[in-house]
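> coords please:
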Amino acid sequence: MFIPDMFKLSDPEEIRGIVERNGFGYLITNAGDGAFPMITAVPMLLSDGVLYGHVARLNPHARLFDGAHATRALFSGPHAYISPTWYPNPEASVPTWNYIVAIAEGRPETVADSETVDWILSETARQYEGPEGWSPAATKPGFMEGMKRGIVAFRMPVDQMLGKAKLSQNKPVEVRTAVADRLTEAGEEALADVMRDGTAGA
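You can find the predicted model right below:
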């Protein structure tokens, strides 16, 4: 990923925050032999430097979870179109897009033990349902065991994490503030708040 120094995130905690708040990402694996990369959209969990998730057993991506295939997991934070009309000199400006993205790199491997698979499923549900919401334990006896036979869980120890926050840093502070105000008016509060705060993982 092309990351100019101006937009590069260097704080590991900030990058982890992007992943944790935007867990539905894209798993992109180099299939090798000149083939196109395999891409799967999937919710993932980051815990102690390891990404966890699961895909359908019929998904050919699962065959690449052997601990050898180079993989990137891409997570997109808030993003929005920026109009030239929001700048003081629109006649000398062009459209752009402000956004936040994080990438985790590693080599995923299949998770075989049932206890870890159960944790992945339960923790994924808890993250989006909340502690009082639905959980696999709420299903009737035997149901989840049948469902588990239809998935392949994976873990990916993270070798490197990258982060990029393109938030009009190339503009004066007063222009950035004006752009953030226009984003708020457009209903893009999350991106506007990040631009004002200056912390992409916030």
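
> partner strands of the helix or strand containing Arg72, parallel or antiparallel?
Assigned by DSSP states H and E, Arg72 falls within strand 71-82. Note on strand 71-82: by DSSP bridges, its sheet partners are strand 24-29 (antiparallel), strand 96-106 (antiparallel).

> closest one to Ile15 among those?
strand 96-106 (5.0 Å; Cβ to Cβ). Every residue, glycine included, has its C-beta placed from N, CA and C.

> Could you point out which residue ranges in this protein have low pLDDT?
199, 201-202 (pLDDT under 70).

> Could you check the angle the longest strand along the chain makes with strand 71-82?
Ordering each strand of the chain by length in residues (DSSP state E) puts strand 151-166 first. Angle of strand 151-166 versus strand 71-82, following axes from the mean of the first three to the mean of the last three Cα atoms, to 10 degrees, is 40 degrees.

> would you list every one of the helices in this protein?
With DSSP state H as the criterion, the chain has helices at 12-21, 114-129, 143-148, 173-185, 189-197.

> Out of the strands paired with strand 71-82, which one sits most buried?
Of all these, strand 96-106 carries the top mean neighbour count, a mean of 21, counting by mean count of other Cβ atoms under 10 Å.

> Would you mind listing the buried residues in the strand holding Arg72?
71-75, 77-78, 80, 82 (16 or more other Cβ atoms under 10 Å).

> Just send those residues back as JSON lines, with distance to Ile18 too.
Shown next, in JSON lines, are the buried residues of strand 71-82 (distance: Cβ to Cβ, whole Å):
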{"residue": "Thr71", "distance to Ile18": "18"}
{"residue": "Arg72", "distance to Ile18": "14"}
{"residue": "Ala73", "distance to Ile18": "12"}
{"residue": "Leu74", "distance to Ile18": "11"}
{"residue": "Phe75", "distance to Ile18": "6"}
{"residue": "Gly77", "distance to Ile18": "5"}
{"residue": "Pro78", "distance to Ile18": "10"}
{"residue": "Ala80", "distance to Ile18": "16"}
{"residue": "Ile82", "distance to Ile18": "20"}
